[in-house]
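*Asks:* Give the three-dimensional model of this entry:
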Amino acid sequence: MNFACMSLDQFQNHFSTDSACIAYIFHTKWPEGFICPRCKHSHAYVTTTRRLPLYECCHCRHQTSLISGTIMEGSRTELRKWILSLFLFSHTTKGTTTTELSKFIKVTYKTAWLILHKIRSVIHSSDNQNQLSGSVCINSAIYGRPYNPSVHKHRQEHLLLVGSSVNEWNQFTHLKIKHVLLPNPKERHIPRIETKAFHQQHIESDTQNVEIVTGFYTPSRLRPLLIFAKQASKWINNTFHGLGPKHLQKYLDEFSYRLNLSSKNIPIFAHLVQLCIKPSSYQ
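*Replies:* Reported below is the predicted structural model:
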């Protein structure tokens with residue numbers, strides 16, 4: 001079913017019951033039918049007297065719940081509210097605030113914050129696992145105001161490294177924006193050790209063509225990658241009214257995630273559901 005074409009009312013009607021939510025999560029988690037996470041056996045006894053189904057492997061007797069290994073594990077929030085949160089998150093380009101989500105799905109501010117935090121944490125983990133490849137271009141950038149023309153960084157400025165894979169037509173095909181945290185809070189220069197760390201963590205090891213420009217006052221710094229950094233800053237400031245260093249990285253990852261999928265015409269909802277529901281390395 002193509003949920004990307006559904007209106008909000010149609011989506012809510014489709015997932016108005018627990019059984020519809022359970023069936024959708026089960027099919028997403030086990031598209032070929034139940035698979036035991038321990039021994040990979042394909043048959044299970046099902047206990048349906050609980051709030052959510054419990055599956056006991058017929059071979060090894062291992063028990064697993066419907067939401068174990070998913071973003072919803074350990075949550076008491078109704079499944080339909082989780083699924084609706086994913087729909088709302090993926091069907092807006094401006095982003096979703098905690099206050100907006102709290103009012104819409106009728107949960108406390110704390111619960112809405114936790115839902116969005118978990119979604120962004122999954123996106124963050126996915127971003128760290130997907131490395132840049134081919135030809136790669138990296139530029140330095142700054143998030144935050146005021147922009148300080150001196151050599152010293154203002155406490156409200158945050159240093160960034162913006163990287164992307166580049167195709168044969170010199171088009172940027174996969175974006176990453178990483179927050180650089182330095183021991184010296186007034187340091188405005190991104191040292192070589194930080195670009196080396198970016199290279200090791202976010203670029204495939206066999207990549208040969210990597211172009212790095214980190215000088216803030218060099219003419220070669222004025223490249224299209226900086227436009228993405230400015231767009232990310234504007235998106236964060238307009239929707240979330242600015243961020244400090246603690247959670248900045250996850251919002252930068254969210255911006256990159258939205259941009260990367262949109263540029264490839266990949267529906268965000270379907271992709272996000274796979275990240276959040278299929279068993280993964282989410283912590």
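*Asks:* And Gln200, how close does it get to Thr207?
*Replies:* Taken as CB to CB, to the nearest Å, the spacing of Gln200 relative to Thr207 amounts to 11 Å. Bear in mind the C-beta positions are built from the backbone N, C-alpha and C, glycine included.
*Asks:* The two - which one has more neighbours?
*Replies:* Between Gln200 and Thr207, Thr207 has the larger neighbour count (other CB atoms under 10 Å), namely 15 against 10.
*Asks:* Might one say that that one is in contact with Gly134?
*Replies:* Yes. Judged on CB atoms under 8 Å, Thr207 makes contact with Gly134 at a distance of 6.9 Å.
*Asks:* Pro37 sits in which helix or strand?
*Replies:* Under the criterion DSSP states H and E, no helix or strand holds Pro37.
*Asks:* Give me the local confidence score for the residue lying closest to it once chain neighbours are set aside.
*Replies:* When the adjacent residues along the chain are set aside, Pro37 lies closest to Thr64, with 5.7 Å between them (CB to CB, 6 or more residues apart in numbering). In this prediction, Thr64 carries a pLDDT score of 95.
*Asks:* Please report phi then psi for Thr64.
*Replies:* Backbone geometry at Thr64, expressed as degrees, to the nearest 10, gives phi -140, psi 140.
*Asks:* With the one 3 residues further on instead?
*Replies:* Here the main-chain torsion angles of Ile67 (degrees, to the nearest 10) amount to phi -100, psi 10.
*Asks:* got it, and Glu211?
*Replies:* The phi/psi pair for Glu211 (degrees, to the nearest 10) reads phi -110, psi 120.
*Asks:* Pass me the low-pLDDT residue ranges in this structure, would you?
*Replies:* Within the chain, the segments meeting pLDDT under 70 span 145-155, 216-223, 279-283.
*Asks:* ranges for the strands of it?
*Replies:* Secondary structure of the chain (DSSP state E): strands at 44-47, 54-57, 63-65, 135-143, 158-166, 172-180, 210-213.
*Asks:* Dump those to a markdown table, plus distance to Gly244 and mean neighbour count.
*Replies:* Formatted as a markdown table, these follow (distance: least, CB to CB, whole Å; neighbours: other CB atoms under 10 Å):
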| stretch | distance to Gly244 | mean neighbour count |
| --- | --- | --- |
| strand 44-47 | 45 | 14 |
| strand 54-57 | 41 | 18 |
| strand 63-65 | 36 | 17 |
| strand 135-143 | 11 | 22 |
| strand 158-166 | 9 | 23 |
| strand 172-180 | 11 | 21 |
| strand 210-213 | 27 | 16 |
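*Asks:* what's the closest of those to Glu100?
*Replies:* The closest of those to Glu100 is strand 135-143. By CB to CB, the value is 22.6 Å.
*Asks:* Mind giving me the packing neighbours of the closest one?
*Replies:* strand 158-166, strand 172-180, strand 210-213, helix 225-240 (3 or more CB pairs under 8 Å, 6 or more residues apart in numbering; DSSP states H and E).
*Asks:* if I look at Lys178, how far off is Pro245?
*Replies:* From Lys178 across to Pro245, the span is 13 Å (CB to CB).
*Asks:* I'd like to know how many residues surround Ile277.
*Replies:* If you count neighbours by other CB under 10 Å, Ile277 ends up with 24.
*Asks:* With Lys186 instead?
*Replies:* 12.
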